[in-house]
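# could you work out the structure for the sequence below:
(chains A and B)
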Number of protein chains: 2
Amino acid sequence: MSKPDALTELGEMLGDRFSRSKSDLDLHGRNETYFPFLPPEAVVYPETTEEVAKIVRICAAHGVPLTGWGRGTSLEGHALALKGGISVDFSRMNRVLKVHPEDMDVVVQPGLTREELNRELRATGLFFPVDPGANASLGGMASTRASGTTAVRYGTMRENVLGLEVVLADGRVIRTGTRARKSAAGYDLTGLFVGSEGTLGLITELTLKLHGQPEAISAAVCAFDEIGPAVDTVIQTIQLGIPMARIEFVDAATAAAFNSYAGAEMPEKPHLMIEFHGSASAVAEQAESFGQIVADNGGDGFSWSSRPEDRTALWTMRHNAYYACLGLRPGATALVTDMCVPISRLAEAVEETRADIARSSIPGPILGHVGDGNFHAILLVEPGNAAELAEAKALAHRMVERALRLGGTVTGEHGIGMGKLGYMEEEHGQAWEVMGQIKRVLDPSALMNPGKMVPGN
Amino acid sequence: MSKPDALTELGEMLGDRFSRSKSDLDLHGRNETYFPFLPPEAVVYPETTEEVAKIVRICAAHGVPLTGWGRGTSLEGHALALKGGISVDFSRMNRVLKVHPEDMDVVVQPGLTREELNRELRATGLFFPVDPGANASLGGMASTRASGTTAVRYGTMRENVLGLEVVLADGRVIRTGTRARKSAAGYDLTGLFVGSEGTLGLITELTLKLHGQPEAISAAVCAFDEIGPAVDTVIQTIQLGIPMARIEFVDAATAAAFNSYAGAEMPEKPHLMIEFHGSASAVAEQAESFGQIVADNGGDGFSWSSRPEDRTALWTMRHNAYYACLGLRPGATALVTDMCVPISRLAEAVEETRADIARSSIPGPILGHVGDGNFHAILLVEPGNAAELAEAKALAHRMVERALRLGGTVTGEHGIGMGKLGYMEEEHGQAWEVMGQIKRVLDPSALMNPGKMVPGN
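Here you go, the predicted structure:
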């Protein structure tokens, strides 16, 4: 329990933007997946960087932990206040501060969501491409190094954050990066804070790269009898340098989920869903070249469309895949896995996982960002059924071991949070201790999202 | 002066791969630009990671500084042993360890140069795109976060290093990253070491992204009467999403240098040199679209070619620009500046710089990677002429101030080394101290490339 003095001081400073109401604590104690309910002791709603710095200094003086909260869409319990303390909710810091159309960048506050940003950008001809599915906050997306369907073309948050403003554990406010497109001026602190999950500081401002809305977009779907030829199609497409904007894999179970949830009429087989961005003739050419590769690999049902309504239907369906899969088992909660391997090992990784899930009693559709070698199994468990959760965790554990055995990573895009901490040493070896050294020097009292990310924490 | 014991121990360990010969010390005390001759006390030539770790442990035990040496092509004196100690020359660690064609990555040792790598890759249909001009070592390129002509399309070393093996200051050997294309598993240590200029550890292995050799390449040159329309052409091309593989600016003085050095017949005006990569029809379309933008901006002499010999002639000329410019003043040495700004400020930055140089007594052709907002002035000074060097430094100082005033960075790609240390606080503010904290926790005795990068150092 935190010192009452700190909470009193925060309450006096923030008025009704400091809350200990049950509804606020409940809201900030929940999570999207299987982690237990873990409410903070209080929630604060800062409106400025200066307020965040003041909050941090008050907490530092009294030894009160701070955990950032964007939209709570994380899948690994990142935003849960594991050691108590306060939840710093950025929903009132949600403005677009400055758009620079010529430079194709934008300065935003961390509580802004990616959909809000893209709405504000609509008239500029520019867009922010990183798309994890959920309408996450941009601060949260930077903190977890989010990616999603478009990373194969536009990169992840790692590639799309130009600079940050960060409040450190001692209340110092620093700026990292500049609006220049590249720099060789010192350690890449922007890159260090992106993906640090709030354990090194709280992000209070982001400068993001934007991209031009493509002149034309074409999208396509195709089915395969087996996973192997689907993955081979992806590998060959990449090797031929055909620039895909999205390439998504869904397995037969996910196709079935789309059919029942979204009224699709897909054969219950593995599918690829693909999108090309470019000039009208370029996307036509790319779609044709891709169609040839599909045919060479025995895929069928290939058809492409550049009609916006077809594309929207396709990607809306893909974005709702999580809910479609939940619909396969009404009332279920999900454990969502997130392995990422070198693409040459992807077919093997998916097939082994598929077989392992088939041997279990848990439904587990598989889908993923196959151009990056990243895929998820959505393991559907009955809430409160400890045996099922244990079985799902055992499946997830074997996926992680498989990812490492095949030269990959335990998380392609969901992050560490509470779910993957136990695998950090296995993935990073002694480098994990280096992360701990960096954490301790920047947050010696372990108040920034404590209990997460580093050894000892 | 380092302890004789350490040097004796190193000599016993390495035999003839430990050297204190005058020629070796001389070679490792020189630099490509205007910094003074600064020989190390000894040079070591390790052949394995284990040897590097052993060398580091011996040096750590005796307090002997270590500075890495790749090919010595740095322009900011990075590899000079400013505080004495030993130079760790990686020329015997120059092997390609493993090519993974399906995954489009390669594992290499740090002493391999980019040209050597691309020669070895020739049969695979893949290539490593980062191209700083010089035939630098890949370890050095990672250490300085190198980029060059192709960064606008393929990214810098930041985007092209997947993972590293690093020997830390205490002799620990860590691995960062995996061969997966992305990861959200913890702090981005790969990104932290890329660009750290050997001040946090010595890179002993790199996993690099490769790219498919494009099916077709087209290249073009065009001239403009003024800098402004040339830059506007670049901005419009980027905004239209025309994917340029290279877009280079050279000013009238550089064009003149090409004419006299390479026998070119370019009008003495600002030029753009551009290259497109893709399918045959895509590059044709891109070149045509670009030609239209050039015409809209009053550019002339636009012609494009997809003949390899034309392209080779063009880029050989561009790569030799440094020597062509040196040829403008035979016997001169150069101070090469490296500012990078948001592209909306680029025309202003180049024009102010042009005018400032014109007011000086120093010849200073300007050229750069204009798609990234990055350009260089090659300030030609008489060796040993202190007044000229001071004048060049004053020009360079004003360029740096201009970069910061226009929202840019003091170095786009050359790095900090000895030349830019004095600007770190101005660019980074309190974030510079954060870099110092990271340095001190990983290298508390300040033995890794000491005297550089961080406050106090």
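# tell me the contacts of the most centrally placed residue in chain A?
In chain A, the C-alpha nearest the mean C-alpha coordinate belongs to A:Ala146, at 3.4 Å (CA atoms, centre = their mean). For A:Ala146, the contact set (CB atoms under 8 Å, 6 or more residues apart in numbering or on different chains) comprises A:130, A:132, A:136, A:140, A:156-157, A:413, B:184. In this view, the C-beta of every residue, glycine as well, is placed from N, C-alpha and C.
# the residues you listed into TSV, with extra columns for distance to B:Asp225?
Below are those laid out as TSV (distance: CB to CB, whole Å):
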residue	distance to B:Asp225
A:Val130	40
A:Pro132	47
A:Ala136	48
A:Gly140	49
A:Thr156	42
A:Met157	42
A:Glu413	49
B:Ala184	50
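# format those as TSV; extra columns: neighbour count and secondary structure.
Formatted as TSV, the contacts of A:Ala146 follow (neighbours: other CB atoms under 10 Å in any protein chain shown; DSSP: H, G, I helix; E, B strand; the rest coil):
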residue	neighbour count	secondary structure
A:Val130	28	coil
A:Pro132	25	coil
A:Ala136	24	coil
A:Gly140	30	helix
A:Thr156	26	coil
A:Met157	26	helix
A:Glu413	29	coil
B:Ala184	29	coil
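# how is the residue nearest to the centre of chain A assigned, secondary-structure-wise?
Classification of A:Ala146 by DSSP: H, G, I helix; E, B strand; the rest coil places it in coil.
# and the pLDDT for A:Gly241?
At A:Gly241, the model reports a pLDDT of 87.
# could you find the closest non-adjacent residue to it?
B:Gly212 (4.1 Å; CB to CB, 6 or more residues apart in numbering or on different chains).
# quick check: the one you found touching A:Gln236?
No. Contact criterion CB atoms under 8 Å: B:Gly212 and A:Gln236 do not qualify, at 10.6 Å.
# next, the residue nearest to A:Gly241: phi, psi?
B:Gly212 adopts backbone torsions of phi -70, psi 140, taken as degrees, to the nearest 10.
# run a quick neighbour tally on it.
When neighbours are counted by other CB atoms under 10 Å in any protein chain shown, B:Gly212 registers 17.
# do A:Ser303 as well
11.
# regarding it, what is its secondary structure?
strand.
# gap between it and chain B?
Look at A:Ser303 and chain B: by CB to the nearest CB, to the nearest Å, they are 22 Å apart.
# hang on, the earlier thing: hey, what's the residue nearest to A:Gly241 bridged with?
For B:Gly212, the beta-bridge partners under DSSP bridges are B:Leu126.
# how about A:Glu425: what's its closest non-neighbour residue?
A:Trp432 (5.1 Å).
# ugh, wrong one, A:Ala252
Closest to A:Ala252 by CB to CB, 6+ apart is A:Glu268, at 4.6 Å.
# that neighbour is in contact with A:Thr254, isn't it?
No. Assessed by CB under 8 Å, A:Glu268 is found out of contact with A:Thr254, at 9.5 Å.
# residues contacting A:Asp443?
Here A:Asp443 is in contact with A:168-169, A:199-201 (CB under 8 Å, 6+ apart).
# with A:Thr353 instead?
Counting by CB under 8 Å, 6+ apart, A:Thr353 has contacts A:339, A:366, A:375, A:377, A:399, A:402.
# least confident secondary structure element in chain A?
Each helix and strand of chain A was given a mean pLDDT (mean pLDDT, DSSP states H and E); the minimum falls on strand A:300-305 at a mean of 83.
# neighbour count for A:Glu268 and A:Thr254, which is higher?
Neighbours per residue (other CB under 10 Å) separate A:Glu268 from A:Thr254, with A:Thr254 holding more: 27 against 15.
# and the more buried one, what does it touch?
For A:Thr254, the contact set (CB under 8 Å, 6+ apart) comprises A:271, A:321, A:324-325, A:365-367.
# just checking, which of these belong to helices?
When DSSP state H is applied, the contacts of A:Thr254 are split such that A:321, A:324-325 fall in helices.
# now do the helices in the stretch 201-350 of chain A.
Along the stretch 201-350 of chain A, counting by DSSP state H, counting those that start in this stretch, helices occupy A:227-239, A:252-262, A:280-296, A:308-319, A:321-326, A:346-359.
# which among those is found nearest to B:Arg114?
helix A:227-239 (21.2 Å; CB to CB).
# please name every helix or strand in contact with the closest one.
strand A:244-250, strand A:271-278, helix A:280-296, helix A:346-359 (3 or more CB pairs under 8 Å, 6 or more residues apart in numbering or on different chains; DSSP states H and E).
# could you export these as a markdown table, including mean pLDDT?
Output for the helices and strands packed on helix A:227-239, formatted as a markdown table (pLDDT from 0 to 100):
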| stretch | mean pLDDT |
| --- | --- |
| strand A:244-250 | 95 |
| strand A:271-278 | 95 |
| helix A:280-296 | 93 |
| helix A:346-359 | 97 |
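# I'd like these laid out as a markdown table, including distance to B:Phe90.
Formatted as a markdown table, the helices and strands packed on helix A:227-239 follow (distance: least, CB to CB, whole Å):
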| stretch | distance to B:Phe90 |
| --- | --- |
| strand A:244-250 | 37 |
| strand A:271-278 | 41 |
| helix A:280-296 | 41 |
| helix A:346-359 | 34 |
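# just the CA trace of stretch A:435-448, in CSV.
Extracted in CSV, the C-alpha atoms of stretch A:435-448 (Å, rounded to 0.1, in the frame of the first residue of the first chain):
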residue,chain,number,x,y,z
MET,A,435,18.5,-4.7,-19.7
GLY,A,436,18.4,-4.9,-15.9
GLN,A,437,21.4,-2.7,-15.6
ILE,A,438,19.9,0.0,-17.9
LYS,A,439,16.6,-0.2,-15.9
ARG,A,440,18.3,0.2,-12.5
VAL,A,441,20.4,3.1,-13.6
LEU,A,442,17.4,5.0,-14.9
ASP,A,443,14.9,3.8,-12.3
PRO,A,444,16.9,2.8,-9.2
SER,A,445,13.8,2.7,-6.9
ALA,A,446,11.9,0.5,-9.4
LEU,A,447,8.8,2.6,-9.5
MET,A,448,8.1,2.7,-13.3
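# buried stuff in that stretch?
A:435-436, A:438-443, A:446-448 (16 or more other CB atoms under 10 Å in any protein chain shown).
# may I see these arranged in JSON lines, with secondary structure and pLDDT as well?
Shown next, in JSON lines, are the buried residues of stretch A:435-448 (DSSP: H, G, I helix; E, B strand; the rest coil; pLDDT from 0 to 100):
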{"residue": "A:Met435", "secondary structure": "helix", "pLDDT": "98"}
{"residue": "A:Gly436", "secondary structure": "helix", "pLDDT": "98"}
{"residue": "A:Ile438", "secondary structure": "helix", "pLDDT": "98"}
{"residue": "A:Lys439", "secondary structure": "helix", "pLDDT": "98"}
{"residue": "A:Arg440", "secondary structure": "helix", "pLDDT": "98"}
{"residue": "A:Val441", "secondary structure": "helix", "pLDDT": "98"}
{"residue": "A:Leu442", "secondary structure": "helix", "pLDDT": "98"}
{"residue": "A:Asp443", "secondary structure": "coil", "pLDDT": "98"}
{"residue": "A:Ala446", "secondary structure": "coil", "pLDDT": "97"}
{"residue": "A:Leu447", "secondary structure": "coil", "pLDDT": "98"}
{"residue": "A:Met448", "secondary structure": "strand", "pLDDT": "98"}
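# show me which helix runs longest in chain A.
Identified as the longest helix of chain A according to DSSP H is helix A:386-405.
# that one packs against which elements?
Applying 3+ CB pairs under 8 Å, 6+ apart, one finds that helix A:386-405 contacts strand A:333-336, strand A:339-340, helix A:346-359, strand A:374-381.
# the helix or strand following that helix packs against which elements?
The element immediately downstream of helix A:386-405 (helix or strand, assigned by DSSP states H and E) is helix A:424-428. Helices and strands touching helix A:424-428, by 3+ CB pairs under 8 Å, 6+ apart, are helix A:430-442, strand B:173-176.
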